[in-house]
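Novice: Quick one: sequence and predicted model below, then my questions.
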Amino acid sequence: MCSWLPSIWIFGKKEKEQDHEDDSVKKSQPINLGDSAAVKHALDACAVEVVTSNYPEDYTHSNHNIAFGLLACALAAVAQFYPKNGAHVFYVQLGCVLGYMTISTLLTMYMATYGKDFIVSTYAKPASPSDTGITVVGELPRFSHLYKLTIASKETKSIAARQSVTIEKSITEWFYEDGNLAEDIFRKEVEDLLKKYENSDSIKSQ
């Protein structure tokens, strides 16, 4: 467990003994609060659930990743099962290996360029087709207790693009000492951030 947890937790308000929250507060399965990846995953998953309950999710980037992966697997399968006594077997296998390397490189570049930050991307709300979709970015640096969530327009150059909004707080605001996530509290903050984004000014109006 990270060294900052004991000192930080003295000031944390999510203690089991301080049950000033209603008993109906929803809690998830406990996680290790010293594992920043697990903490981030829990917060990201909850944020995505809130956002996609309001906006239709855009699976374009995921589908591209799957397509690249399937093509790479197909080339690997051809290289593995092509008859060893077949004509031009050396060139077939060489082509498959080079093709696999090329596709893997392109996939890495694609993910680094288009999908390295956001945890979910959406389309515009059906009721507001003139708006843009949104992207949601969750950040929790290693060994840090500060989680940052940002909501921004997916098409920043669109006339309908809005100013991005951000919330940054210590994870002690949303977790109990035993590692349970107070989901109702965190969900409410994400919902409020989403409303703040929807009420923010257009970038073009600035």
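Specialist: The structure has been received and is ready for your questions.

Novice: Could you find the closest non-adjacent residue to residue 141?
Specialist: residue 36 (7.7 Å; Cβ to Cβ, 6 or more residues apart in numbering). C-beta here means a position set from N, CA and C on the backbone, and glycine is covered the same way.

Novice: What is the neighbour count of the spatially closest residue to residue 153 that is not a sequence neighbour?
Specialist: Distances taken as Cβ to Cβ, 6+ apart place residue 161 nearest to residue 153, at 3.8 Å, with adjacent residues excluded. Neighbourhood size, residue 161 [other Cβ atoms under 10 Å]: 18.

Novice: For this structure, just list every one of the strands.
Specialist: Counting by DSSP state E, the chain has these strands, from start to end: 118-121, 134-139, 146-153, 165-170.

Novice: and of the ones you listed, who's closest to residue 69?
Specialist: strand 118-121 (18.5 Å; Cβ to Cβ).

Novice: How far off centre is that closest one?
Specialist: Remark: strand 118-121 is offset 5 Å from the chain centroid, using Cα atoms, centre = their mean, to the nearest Å.

Novice: same thing with stretch 108-122?
Specialist: That offset, for stretch 108-122, works out to 9 Å (Cα atoms, centre = their mean).

Novice: Equivalent analysis for stretch 70-83, please.
Specialist: 31 Å.

Novice: With stretch 80-93 instead?
Specialist: For stretch 80-93, the distance to the chain centre is 41 Å (Cα atoms, centre = their mean).

Novice: now the end-to-end length of it.
Specialist: 8 Å (Cα to Cα, to the nearest Å).

Novice: in it, what counts as buried?
Specialist: Residues of stretch 80-93 classed as buried by neighbour count (16 or more other Cβ atoms under 10 Å): residue 93.

Novice: can you check stretch 133-144 too?
Specialist: 133, 134, 135, 136, 137, 138, 139, 140.

Novice: How about the last one: what's its closest non-neighbour residue?
Specialist: By the measure of Cβ to Cβ, 6+ apart, the closest residue to residue 140 outside its immediate chain neighbours is residue 40, 4.1 Å from it.

Novice: Identify the single longest helix in the protein, thanks.
Specialist: Ranked by residue count and defined by DSSP state H, the top helix of the chain is helix 89-114.

Novice: what's the average pLDDT for it?
Specialist: The pLDDT scores in helix 89-114 average 85.

Novice: Tell me which other helices or strands it touches.
Specialist: Helices and strands touching helix 89-114, by 3 or more Cβ pairs under 8 Å, 6 or more residues apart in numbering; DSSP states H and E, are helix 60-81.
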